[in-house]
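> sequence unavailable; structure follows:
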């Protein structure tokens, strides 16, 4: 799925954001709903609109992940966010 060792920081939120990038990338490839992940809290699913608003990070990260992979997409979005802030 994605390279766990290639993500900076302690295991925690970084893996949650990496999962969201993976899900958005998968939804873009398959045509599934971007905002509803049926795998989380099965059988009910999870609506990302009810969680923290991460679409400004996950959408560019997913587009980058389509080309360079999930960990690279996350790392590039993290770097760009650091530079822009």
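Received, thanks. This one's a predicted model, so the numbers in the text were calculated from it and none came from an experiment. Numbering: from 1, shown residues only.
> hey, let's count contacts and neighbours off CA atoms from now on
Noted.
> avg pLDDT for stretch 55-67?
Averaged across stretch 55-67, the pLDDT comes to 87.
> no wait, stretch 6-13
On average, stretch 6-13 scores 74.
> the spatially most central residue of the chain: what's it in contact with?
Taking CA atoms, centre = their mean, the centroid of the chain lies closest to residue 21, which sits 1.6 Å from it. By CA atoms under 8 Å, 6 or more residues apart in numbering, the contact list for residue 21 reads 58, 59, 61, 62, 65, 70, 73, 74.
> what's the answer for residue 6, then?
residue 71.
> ok so, going back, with secondary structure, neighbour count and distance to residue 38 added, can I get the contacts of residue 21 in CSV?
Putting these into CSV (DSSP: H, G, I helix; E, B strand; the rest coil; neighbours: other CA atoms under 10 Å; distance: CA to CA, whole Å) gives the following:
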residue, secondary structure, neighbour count, distance to residue 38
58, helix, 24, 18
59, helix, 19, 18
61, helix, 28, 21
62, helix, 28, 18
65, helix, 24, 21
70, helix, 27, 20
73, helix, 25, 23
74, helix, 28, 22
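> farthest-apart pair in the residues you listed, please.
59 and 70 (11.8 Å; CA to CA).
> what segments of this structure are helices?
Assigned by DSSP state H, the chain shows helices spanning 13-30, 55-68, 70-84.
> could you give the angle of the longest one to helix 55-68?
Between the axes of helix 13-30 and helix 55-68, defined by axes from the mean of the first three to the mean of the last three CA atoms, to 10 degrees, the angle is 70 degrees.
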